[in-house]
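Q: The sequence and its predicted three-dimensional model are supplied below.
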Amino acid sequence: MILTWLIGGPQGSGVDTSANSFARSCAYAGYWVFGKREYHSNIIGEHSYFVVSVSDKEVKTFRDKIEILTSFEQRTLDIHIEDVAQNGFVICDEEIDTSKYSYYIDSRNLTVVKIPYRKIIKETAEKFGLTDLKKLDVMRNSISVFASGGVIGLPAEFIEKSMDYIFVGKRRKVLEPNRYAGLKGYEIGQKYSDKFPFKLKKIEEKQQKFILTGTQATAFGKIIAGCRFQTYYPITPATDESEFLESLAKKYDFVVIQAEDEIAALLMCIGASLAGARAATSTSGPGFSLMAEGMGWAGMNEVPVVIINYQRGGPSTGLPTRHEQGDLKFAINAGHGEFPRIVISPGDIAESLYITAEAFNFAEKYQLPVIVIQDKFLANSVKTILPPDISKFTIQRGKLLQNQTVDGGEINKFKRFEIQDNSDFVSPRIPVGYPGFVFWNTGDEHDEYGHICEDSENRFRMHQKRMKKLEQILSETSEEHKISIFGNVKSDFVIVSWGSTKGSILSAMEEFQDSFLFVQIKMIHPLDSDLVKRYISGRRKIIVEQNYTAQLASIITERTGEFFDYFILKWNGRPMSHDDLVKAFEQILNGRADKKIFLTSGK
Amino acid sequence: MLSKELYKSDYESDWCPGCGDFGILQALIQSLSELEISPWKTVIFSGIGCSGKTPHYINSYGIHTLHGRPLPFAIGAKMANPSLNVIAISGDGDAYGIGIGHFVNAGRRNPDITYIVYNNGVYGLTKGQASPTLRRNLQPKSLKYPNINNSINPIAIAVSAGYTFVARSFAYNVKHLKDTIKKAILHKGIAFIDVLQPCPTFNTVDTKESYMQRIKILPEDHNKKDAVEAMKYALDVDNLWIGIFYQVEDQTYEQRYSQILGQYPKNCPANIDMSVITDVSDSLKDFSS
């Protein structure tokens, strides 16, 4: 079974809290959830909504068609009523005039559950002796969540448990009134539960699961990898990750610095890395643009550093709170001149944790910048995942020498950029401050000690040494880090994609048993073109990505000579849903698809 | 005293004959040797320009960074490993132009590092354009018309930005500069020294002689803890005061972090024991369903 629930309201009115509460309640009962959050670049008042899909099987993405729409304001209903499915429910304030939706209510046989929010709040206020009625308005959120629970037959204890988790600190004293008001809503919802197609009873043999957002998963990946230095400049949607790390700073001795700009943010990381720390910074497109020069310096001086770019709608300020995958080619090419870097892309929230952790190993093994390219959809979505399995994860610091103790006063020059006479282009590395040695770094072209050197022969060898690292990475990296394969290897059709489209692709594929092969590219740069070509050659090729110019398709064509037959693209600032791709895949299988399919759903 | 020879790198300098930078280099090496700081304990971060070449001429860890940016590199390294002796070096274009944002914000943080700025009024390495400290209406030889920009006041900016040690010296008074650098390194917090440095090739107005006529040494009994007095001297631009304008005690950035974190700086990011994978299960409990 699968149920999709949507709550909407003005920003600042508790939409997020309600959604998290509902998602958690279902998770506590043993269900899998996936929540997608949409909001404006605004603090109070603009429309925001949260859609949560719930199932007894893993939910990989969200859906457009909703079974339950709930809100305490008219505007949300105006915007979303057309997405309510046949036999769906609308839970709203009894004071709202729903007659204007009669077209939908009648033609789709919708059940309208009217909640007397004002009456319930007044009653609750009286019972608990609370006087500030304006402040109590926010209790409508709890009432909505409980009412929804009543409709779907979710045992109230799980909603109470989620409230217990959410109402902490100063909010604790209003837990009881919220529960009281909520249960009143629950009773009302229950009256309609027979009309709802199924009941969300507790699932008995529960697998242990965790419910995390993309930014939280990424943060955990950093901690696991031994990273204890993070910088940031506040930017949507990356800030959450750094603020989460700040909340864990004391526990892990994690130094989190809010820099004065993104230029400083990256450069501080490079300084920290020179000192032997694992260092990272997280930002979005506009901040990433500012980091271009710093990336070049890190590439030139072979300094390990991890950069997370949570892409958002571009260009320029773009759509600060909306989703896009528009920075791929920039990530691969940012910074003037040529220098080696790695660009890797997680496809879901669990992968954000693993790939971020691995990024530090790649950065230190090959001594270069590693860009983990994520996006707003991944960052903000919340998902139930299995416990992270890091049993096979090891920390690999490459050629870093450590723990030398000093003896005697001799100072030796260290060949920080030693060119070896073999196919290993990575030099031994020591941190600054390492006893008994000195070395230099410079943005200029340099000799093996790091001194400025303009000699043409030195330039030929040194530039080659750096660039050859890309081939070395490809030859030393196993397939599992580069791509993931799903579906039917015998299929005539191959879907190629990267990043967070993964969930919707896999979810939609389930409706077309064995019809597709799906190649998810994780290590996009350097690209193992032979490997990719092996899987896509000879098939009808479909690219799925969220940008206008089909950037990954272009990169693959350039590297493999293979051209794509179908382009499923979306750039309206909204992620691809399960429904989006089901429609698109269906058209392709039925031979009725245009070469370019532009998706436009989402509010 | 560690031998000065220990600090001399074998990389030949390419500064112009008569450049004030030679005096600064000498003073820096003398101060490190008199303070007996081992070459490998010091990391020198420089920006871009003639001043930027300094690290290559000293036998210590030398990081020649980006234009205007040695401070963020330096602060990152210092916070990752507070035991490092960190010195940042900039030219006046580097520190007071493109890098002014970092200049001001370093004062907010007060990390225990030293920042030496080679102030010559021009962009030497790109052949003599006006810098933020070139006074209005002056026309050194590269300018097509007299300078139309006002000059800024780095001492005043530093005092108001939170720097806890603000000084000025002169490249040709090597003893004064060396003493100032030593005090700066020993100071706990961010120590800034604006060094008047003649550029004989391009700044044909602010010559060594013209500096020597205008330079005055701050009086011995000047109250270094008084910001208002420091500002008075700073804003007295008719005289080129040298000495320590301002010096106070304030929590360093590292001390502020040691109050927030569990075991810092002992367990600083560069010292993390990575032989064991961090167990995050306790933190994950909050997210368990």
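A: That came in fine, so what should we check first?

Q: drop to CA atoms for contacts and neighbour counts, all remaining ones
A: Noted.

Q: got any ranges where chain A has weak pLDDT?
A: In the predicted model, chain A carries pLDDT under 70 at residues A:404-409.

Q: Domain ranges for it, per the record?
A: Here the domain parsing of chain A from automatic domain parsing is A:2-195, A:211-385, A:412-476, A:479-598.

Q: Count the residues that sit near residue B:241.
A: The tally of other residues near residue B:241 (other CA atoms under 10 Å in any protein chain shown) stands at 22.

Q: the helices in the stretch 301-450 of chain A, which residues?
A: Along the stretch 301-450 of chain A, the segments classed as helices by DSSP state H, counting those that start in this stretch run A:328-333, A:349-366, A:376-380.

Q: which of these sits most buried?
A: Mean neighbours per residue, mean count of other CA atoms under 10 Å in any protein chain shown, is largest over those for helix A:376-380, with a mean of 29.

Q: other SSEs contacting that one?
A: Judged by 3 or more CA pairs under 8 Å, 6 or more residues apart in numbering or on different chains; DSSP states H and E, the packing partners of helix A:376-380 are strand A:32-38, strand A:210-213, helix A:214-224, strand A:305-311.

Q: Among the ones you listed, show me which one is buried the most.
A: Sort the helices and strands packed on helix A:376-380 by mean neighbour count, taking mean count of other CA under 10 Å, and strand A:305-311 sits at the top with a mean of 28.

Q: I'd like the helices of the stretch 301-450 of chain A as TSV, with distance to residue A:183 appended.
A: Putting those into TSV (distance: least, CA to CA, whole Å) gives the following:
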stretch	distance to residue A:183
helix A:328-333	48
helix A:349-366	33
helix A:376-380	29
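
Q: Let me see the ranges of the strands in the stretch 51-200 of chain B.
A: B:61-64, B:85-91, B:114-119, B:122-123, B:129-130, B:165-170, B:191-196 (DSSP state E, counting those that start in this stretch).

Q: avg pLDDT for stretch B:239-254?
A: In this model, stretch B:239-254 carries a mean pLDDT of 97.

Q: okay, the helices and strands packed on helix A:376-380 in TSV with distance to chain B next?
A: Compiled in TSV, those are given as follows (distance: least, CA to the nearest CA, whole Å):
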stretch	distance to chain B
strand A:32-38	10
strand A:210-213	4
helix A:214-224	5
strand A:305-311	12
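
Q: Neighbours of residue A:436, how many?
A: By the criterion of other CA under 10 Å, residue A:436 has 20 neighbours.

Q: Which residues does stretch B:99-112 contact?
A: With CA atoms under 8 Å, 6 or more residues apart in numbering or on different chains as the test, stretch B:99-112 has contacts from A:260, A:264, B:67-69, B:71-72, B:75, B:78, B:86, B:93-96, B:157-158, B:161-164, B:187-191, B:250-254.

Q: actually stretch B:179-188, sorry about that
A: Identification of contacts with stretch B:179-188 by CA under 8 Å, 6+ apart yields B:27-28, B:31-32, B:35, B:112-114, B:165, B:167, B:169, B:191-193, B:243-244, B:249, B:252.

Q: before we move on, what about stretch A:192-199?
A: With CA under 8 Å, 6+ apart as the test, stretch A:192-199 has contacts from A:113, A:150, A:151, A:152, A:153, A:154.

Q: Which strands or helices does the helix or strand where residue A:180 lies pack on?
A: If you go by DSSP states H and E, residue A:180 is part of helix A:175-190. Applying 3+ CA pairs under 8 Å, 6+ apart, one finds that helix A:175-190 makes contact with strand A:111-115, helix A:117-128, helix A:139-152, helix A:156-166.

Q: what's the angle between the last one and helix A:139-152?
A: In this case it means helix A:156-166. Here helix A:156-166 points in a direction 150 degrees away from that of helix A:139-152 (axes from the mean of the first three to the mean of the last three CA atoms, to 10 degrees).

Q: The closest residue to chain B within the stretch 451-600 of chain A: neighbour count?
A: Chain B sits closest to residue A:451 of the stretch 451-600 of chain A, with a gap of 6.4 Å, by CA to the nearest CA. If you count neighbours by other CA under 10 Å, residue A:451 ends up with 23.

Q: Those residues of the stretch 201-350 of chain A touching chain B, which are they?
A: By CA under 8 Å from any CA of the partner chain, the residues of the stretch 201-350 of chain A that approach chain B are A:208-212, A:220, A:223-229, A:249-255, A:260, A:264-265, A:267-278, A:294, A:297.

Q: Just the buried ones from those residues?
A: Burial by neighbour count, judged by 16 or more other CA atoms under 10 Å in any protein chain shown, picks out A:209-212, A:220, A:223-229, A:249-250, A:252-255, A:260, A:264-265, A:267-278, A:294, A:297 from these.

Q: and the closest residue to residue A:183 other than its chain neighbours, what is it in contact with?
A: Once flanking residues are discounted, residue A:183 sits nearest to residue A:146: 6.3 Å by CA to CA, 6 or more residues apart in numbering or on different chains. Contacts here follow CA under 8 Å, 6+ apart; on that basis residue A:146 touches A:156, A:159, A:182, A:183, A:185, A:186, A:189.

Q: Pipe the residues you listed into a markdown table and attach neighbour count per row.
A: Below are these laid out as a markdown table (neighbours: other CA atoms under 10 Å in any protein chain shown):
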| residue | neighbour count |
| --- | --- |
| A:156 | 18 |
| A:159 | 28 |
| A:182 | 27 |
| A:183 | 22 |
| A:185 | 27 |
| A:186 | 27 |
| A:189 | 25 |
